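Visitor: pasting the sequence and the predicted model now:
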Amino acid sequence: MRGGKSLRFDDREGAFGQSVPDNPNALLTRLNRRHPVETNSSLHETVLADFHVAHGARMVPFAGWNMPVQYADGIKAEHLATRNAAGLFDVSHMAQVWLSGDNADAMLEALTPTDVAGIAEGRGRYSMFLNETGGVLDDLMIARLDGMLQLVVNAGRADHDIAHLEANLADGVDMTVRRERALLALQGPAAPDVLARLGVDLDGFFFLQVGHFDIAGIPCVITRSGYTGEDGFEISMPVEAAQTLAERLVADEDVSLAGLGARDTLRLEAGLPLWGHELDETINPVAAGLRFALSKRRREAGDFPGAGPVMQDFTNGAPRVLTGLLPQGGRPVRDGAELALDGNIVGHVTSGGFAPSLDAPAALGFVEAALATPGTEIMAVVRGRETPVVTAALPLVPHRYIRG
């Protein structure tokens with residue numbers, strides 16, 4: 001694992017990113033805001049729990065799971081290692097759900113704005129479960145492989161999503177929650193070379209494609225995707241093979257283990273939404289900057305949940321929209337902080353902290369649409385004090401996906 005300076009997740013003033021010790025408690029509060037705090041005895045563990053402890057992880061409760069928030073080198077080092085080489089994340093707490101049957105496409109289309117029937121074999125797509133007002137119940141990935149729809153849903157919403165699918169299960173559709181499978185995410189510009197050194201041929205395999213591969217003799221399902229803005233892969237394998245594969249991957253000199261802390265700072269820089277922050281039942285895809293996830297056929301038909309209000313915002317613009325925020329003066333702003341202009345509340349911060357790639361604080365938030373133009377200065381109200389912030393286009397750090 002690579003060395004590096006550590007990062008403190010708190011609100012103290014001054015420059016960040018040099019020699020500040022880790023203290024991710026504020027980060028954990030943010031990540032768990034929509035989830036009840038469980039006792040250690042009630043927490044689930046992934047098959048890699050002992051592996052994480054053996055590699056020096058700090059384990060914390062997250063969405064009902066005991067998960068690594070960071071390893072010995074700290075969140076900033078893990079973040080920068082992922083941006084510059086490759087980070088390995090255990091995401092086995094996310095639920096893998098497979099749907100099969102002649103009515104599976106129609107069933108999923110009734111719950112999402114996605115042209116599910118248009119997802120070709122070996123392809124994946126980002127999607128959302130929507131409610132009747134167009135609010136986001138959760139976001140998810142949908143892939144088609146071996147004629148089945150393979151879904152990956154968020155850990156914190158897994159129980160909700162599984163119940164939602166079960167309540168809407170169509171005749172002739174079989175649904176299986178694949179609890180016997182683990183999930184790893186290998187992210188960063190060196191990720192393709194790491195897999196190539198383990199015998200994986202990625203020729204012709206691009207962003208949002210999915211397929212069967214053997215990694216060091218282990219049969220895996222790999223999707224070229226992730227939650228960092230970097231090129232990378234999400235790797236599904238039998239749970240009994242997870243530790244062997246993790247050990248093989250982390251043995252590569254380009255790979256650093258990375259935890260929840262780095263995953264959050266990476267996705268913040270990439271402008272990727274987190275449910276309970278940039279997405280919830282009251283926020284629609286247009287406001288959240290996710291127009292691309294509304295498939296053309298579904299928009300034209302207007303036949304998805306909440307199509308009326310969503311298409312109104314799609315056509316006329318949402319009154320408040322998600323934007324990047326760059327705090328001025330070195331002091332971060334946190335989720336929940338109000339955004340103001342001339343004494344009037346014009347929005348709020350949804351996620352905030354330190355952005356290691358920028359070596360500065362950064363945030364995401366909703367503001368009145370007229371103020372979302374990059375370079376607009378407004379104020380974030382933090383503990384009764386105003387901190388100037390400047391709006392910025394998303395992503396804050398460019399995506400580096402490899403497209404065909």
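Guide: Structure received. Numbers count the residues shown, from 1 in each chain.

Visitor: contact partners for residue 342?
Guide: Residues in contact with residue 342 (CB atoms under 8 Å, 6 or more residues apart in numbering): none are found. Where you see a C-beta, it was placed from the backbone N, CA and C, and this is true even at glycine.

Visitor: swap in residue 243?
Guide: Here residue 243 is in contact with 47-48, 51 (criterion: CB under 8 Å, 6+ apart).

Visitor: okay, and which of these map to helices?
Guide: residue 51 (DSSP state H).

Visitor: going by distance to residue 232, which of the contacts of residue 243 wins?
Guide: residue 48 (17.9 Å; CB to CB).

Visitor: what's around the closest one, how many residues?
Guide: Using other CB atoms under 10 Å, residue 48 is surrounded by 23 other residues.

Visitor: same check on the one 4 residues further on?
Guide: Neighbourhood size, residue 52 [other CB under 10 Å]: 21.

Visitor: what's the distance between it and residue 67?
Guide: 8 Å (CB to CB, to the nearest Å).

Visitor: hang on, the earlier thing: could I get the contacts of residue 243 as JSON lines with distance to residue 363 and pLDDT?
Guide: Compiled in JSON lines, the contacts of residue 243 are given as follows (distance: CB to CB, whole Å; pLDDT from 0 to 100):
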{"residue": "47", "distance to residue 363": "35", "pLDDT": "98"}
{"residue": "48", "distance to residue 363": "31", "pLDDT": "98"}
{"residue": "51", "distance to residue 363": "33", "pLDDT": "98"}
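
Visitor: from the contacts of residue 243, which is closest to residue 95?
Guide: Out of the contacts of residue 243, the member with the shortest distance to residue 95 (by CB to CB) is residue 47, at 14.5 Å.

Visitor: quick one, phi psi at that closest one?
Guide: phi -60, psi -10 (degrees, to the nearest 10).

Visitor: now it. Nearest residue, chain neighbours left out?
Guide: residue 239 (4.5 Å; CB to CB, 6 or more residues apart in numbering).

Visitor: ok, the one you found - contacts?
Guide: 47, 92, 180-182.

Visitor: quick one: low-confidence ranges for the protein?
Guide: Low-confidence segments of the chain, defined by pLDDT under 70, are located at 1-41.

Visitor: name the single longest helix found in it.
Guide: The single longest helix within the chain, with elements called by DSSP H, is helix 239-250.

Visitor: now find how far off-centre it is within its chain.
Guide: Centroid separation for helix 239-250 versus its chain: 22 Å, with CA atoms, centre = their mean, to the nearest Å.

Visitor: try stretch 192-199
Guide: In terms of CA atoms, centre = their mean, the centre of stretch 192-199 is found 24 Å from the chain centre.

Visitor: what's the distance between residue 337 and residue 328?
Guide: Residue 337 sits 14 Å away from residue 328, going by CB to CB.

Visitor: quick one: which of these two has more around it?
Guide: For residue 337 versus residue 328, neighbours defined as other CB under 10 Å are more numerous around residue 337 (24 against 13).

Visitor: so that one makes contact with residue 384?
Guide: No - using CB atoms under 8 Å, residue 337 is not in contact with residue 384, being 10.8 Å away.

Visitor: count the neighbours of residue 114 for me.
Guide: Look at residue 114: counted by other CB under 10 Å, it has 23 neighbours.

Visitor: over to residue 298?
Guide: 21.

Visitor: tell me the contacts of it?
Guide: 109, 113-115, 304, 307 are the contacts of residue 298 under CB under 8 Å, 6+ apart.

Visitor: angle of the helix or strand residue 234 falls within against helix 239-250?
Guide: Here residue 234 sits within strand 232-238, counting by DSSP states H and E. Counting by axes from the mean of the first three to the mean of the last three CA atoms, to 10 degrees, strand 232-238 lies at 140 degrees to helix 239-250.

Visitor: just list what strand 232-238 packs against, helices and strands only.
Guide: If contacts are counted by 3 or more CB pairs under 8 Å, 6 or more residues apart in numbering; DSSP states H and E, strand 232-238 sits against strand 181-187, helix 191-197, strand 218-223.

Visitor: right, so these: which one is the most enclosed?
Guide: strand 181-187 (a mean of 24; mean count of other CB atoms under 10 Å).

Visitor: list the contacts of it.
Guide: 46-48, 82, 86-92, 94, 96, 152, 194-195, 226-228, 230-239, 241-242, 245-246, 249, 255, 258, 266.
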